[in-house]
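In: sequence plus the predicted model coming up.
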Amino acid sequence: MMPPPPNQLYTVFSFIGFVMCAIPMYWHLKAQNIGTCLYMAWTGLGCLIQCVNSIMWNKNMVNRAPVYCDIVARIQAGHNAAIPACSLCINRRLYKISTAQTSIVTRAEKRREVIIELLIGLGIPILQIVAQYVVSGRRYVIYEDVGPMLYTAPRIPSVPLFSAWPVVIGCVSFVYCVRTIYHLYKRQHLRNEIISSKYGVNRSLYIRLMMLAGAEILGTIPLGSFIIVLDVKDGLRPWVSWADVHRNYFKIMQIPSSVWKHGRNSAIGGELYRWLLVLCAFVFFAFFGFADEARQNYRHAYWSLASLFNHSTSSGTAIGSLHATSSLPQLKSNTRGAMISVVKTRIRRDSTVSFSDQLSVPSTSTPSEPKLDVAIDQVPLPEPTAPSASSSADGSQGQSLQPPKTTSGIVPASVPPQLPDTVNSTIASTSTFFSDAADTV
């Protein structure tokens, strides 16, 4: 008999399986795909538990956490029917879509479908945990390198109470799957319309759901039948009493790897369960981890992280630029009732944005200069004074005019002495520009 793979290899693969189930969870929850979400939850939880167990009980079989082992054993009992029940949810939903008479789904119908799928995906595993306790001969058994495992007493009632559940659920799912294919073939002219509108499932997602459910059915029924055959070959004793089955319930068996790895049934029971969880996780990710909606979510997550990183790195530069330009005074000048408004410019560079307060200079930018987005803060103009005789004549548009005498209500523009010569020349040219504009009006 071929020896099992190294325990460290399983630790790596089980953790990868948990990550594969956790990645698509967000957008399936957003789309309210209850069956697929429950499938990911049960499979991912199983991979995570077995990963932790392979680390905690590596090269040992110490009963170090009894409460945790009890919880793990109950979850393993639920896993016997959980994944087939999730496949039943998926097949039932696909059948409802294929037989829909209308593409309009009310809120009450959606709520009812969610409740039914939760009862199937959570209710059936809970019932399985209760039923397995009837034939549970021990709390759990600790296998070296594997950790705590569920123990079912070899009694005849263990077949209908535990072993047969995956086969029965798989047969019901198979009926739904066959009827779904039949209705889709029969209503081929309505197939695209129904799939694109009912429950928000597009054609690609519908096909992948059918492939996942079909693969699970093809694996569940033969594998469940194989386990039943092994149990029968090992010998099933008749039911005597509750006390007979549970007389050793609180005695914890601890089995070294040198014993269970060389036994056929114990090796199958110890390795098959935990590796099947990893296989289910990889199969699910193969169907849904590389789809169009998955790639869109990957790109969205990447750009969100990239923008967050760029924002954190550029915030220091932007704040420093604000402090550097805040010392520039706001200048005002008065020419014939016109006031020079301050222009706020934003210089576009690669990923760093800096803000500064500057004066607008018309027709002075060159192609090599950074591109400016200019937004002038409009300031209401005061009532113009009566023009003088020298400025009332027409035809003086292209001539430079003398500045008018200041009135009592208008303060003449003044330039602070500490400003550089470039700013003075800018203000002079801007004043001339507004003077010509005011005389033209």
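Out: Nice, thanks for sending it over. Numbering: from 1, shown residues only.
In: mind checking the end-to-end distance for stretch 250-265?
Out: 23 Å (CA to CA, to the nearest Å).
In: please name every helix or strand in contact with the helix or strand Val130 falls within.
Out: Taking DSSP states H and E as the definition, Val130 sits inside helix 124-134. Under the contact criterion of 3 or more CB pairs under 8 Å, 6 or more residues apart in numbering; DSSP states H and E, helix 124-134 touches helix 66-98, helix 165-186. (Glycine included, C-beta is placed from N, CA and C.)
In: list the helices and strands the longest one packs on?
Out: Helices and strands in packing contact with helix 66-98 are listed as helix 34-56, helix 107-118, helix 124-134, strand 147-149, helix 165-186, helix 188-197, helix 203-234, helix 264-288; criterion 3+ CB pairs under 8 Å, 6+ apart.
In: circling back to that earlier point, with distance to Gly137, mean neighbour count and mean pLDDT as added columns, please give the helices and strands packed on helix 124-134 in CSV.
Out: Listed next are the helices and strands packed on helix 124-134 as CSV, based on distance: least, CB to CB, whole Å; neighbours: other CB atoms under 10 Å; pLDDT from 0 to 100:
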stretch, distance to Gly137, mean neighbour count, mean pLDDT
helix 66-98, 12, 22, 91
helix 165-186, 18, 18, 87
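In: related to what we said a few turns ago, pLDDT on the helix holding Val130, on average?
Out: Averaging pLDDT along helix 124-134 gives 95.
In: would you mark the buried spots in it?
Out: By 16 or more other CB atoms under 10 Å, the buried positions in helix 124-134 come out as Ile124, Pro125, Gln128, Ile129, Ala131, Gln132, Val134.
In: how far away is the fifth one from Asp292?
Out: What that stands for is Ala131. Distance of Ala131 to Asp292, given as CB to CB, to the nearest Å: 41 Å.
In: next one: the first one
Out: With the distance defined as CB to CB, Ile124 ends up 32 Å from Asp292.
In: tell me who's in contact with Met20.
Out: Neighbouring residues of Met20 by CB atoms under 8 Å, 6 or more residues apart in numbering: Gly44, Ala281, Phe282, Phe284, Phe285, Gly289.
In: what's the answer for Glu109, then?
Out: If you count contacts by CB under 8 Å, 6+ apart, Glu109 has none.
In: who touches Ser258 in this structure?
Out: With contact set as CB under 8 Å, 6+ apart, Ser258 has no partners.
In: quick one: pLDDT of Tyr273?
Out: Residue-level pLDDT assigned to Tyr273 equals 86.
In: distance of the nearest residue to Asp231 once chain neighbours are set aside from Thr99?
Out: Leaving out its chain neighbours, the residue that sits closest to Asp231 by CB to CB, 6 or more residues apart in numbering is Ser163, at 5.8 Å. As for Ser163, its distance to Thr99 is 33 Å (criterion: CB to CB).
In: pLDDT below threshold where in the protein?
Out: Scanning the chain for pLDDT under 70 picks out 1-3, 101-105, 187-202, 291, 294, 311-441.
In: mind doing that once more with 50?
Out: Along the chain, the model assigns pLDDT under 50 to residues 318-319, 322-416, 419, 437-438, 440-441.
In: Ser163 and Thr99: who's more crowded?
Out: Remark: of Ser163 and Thr99, Ser163 carries more neighbours, 22 against 16, as counted by other CB atoms under 10 Å.
In: so who does the more buried one touch?
Out: By CB under 8 Å, 6+ apart, the residues touching Ser163 are Thr152, Gly224, Ile227, Ile228, Asp231.
In: relative to Arg112, which of the residues you listed is nearest.
Out: Gly224 (30.1 Å; CB to CB).
In: quick one on the thing from earlier: and the furthest pair within the contacts of Ser163?
Out: By the measure CB to CB, Thr152 and Gly224 form the most distant pair in those, at 14.0 Å.
In: between the buried residues of helix 124-134, which is closest to Thr11?
Out: Distance to Thr11, by CB to CB, is smallest for Pro125 among the buried residues of helix 124-134, at 25.5 Å.
In: re earlier: in ChimeraX, how would I select just the buried ones from the contacts of Ser163?
Out: Buried residues within the contacts of Ser163, by 16+ other CB under 10 Å, are selected in ChimeraX with:
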select :152,224,227,228,231
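In: switch the contacts of Ser163 over to TSV; also include distance to Leu94.
Out: Formatted as TSV, those follow (distance: CB to CB, whole Å):
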residue	distance to Leu94
Thr152	33
Gly224	22
Ile227	27
Ile228	28
Asp231	32
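In: which one of the contacts of Ser163 is nearest Leu38?
Out: The shortest approach to Leu38 among the contacts of Ser163 belongs to Gly224, at 19.3 Å (CB to CB).
In: assess the claim that that closest one and Pro166 are in contact.
Out: Yes - when contacts are counted by CB atoms under 8 Å, Gly224 is listed as touching Pro166 (4.0 Å).
In: contacting residues around the helix holding Val130?
Out: 42, 74, 77-82, 85, 150, 152, 157, 161-162, 165, 169, 245.
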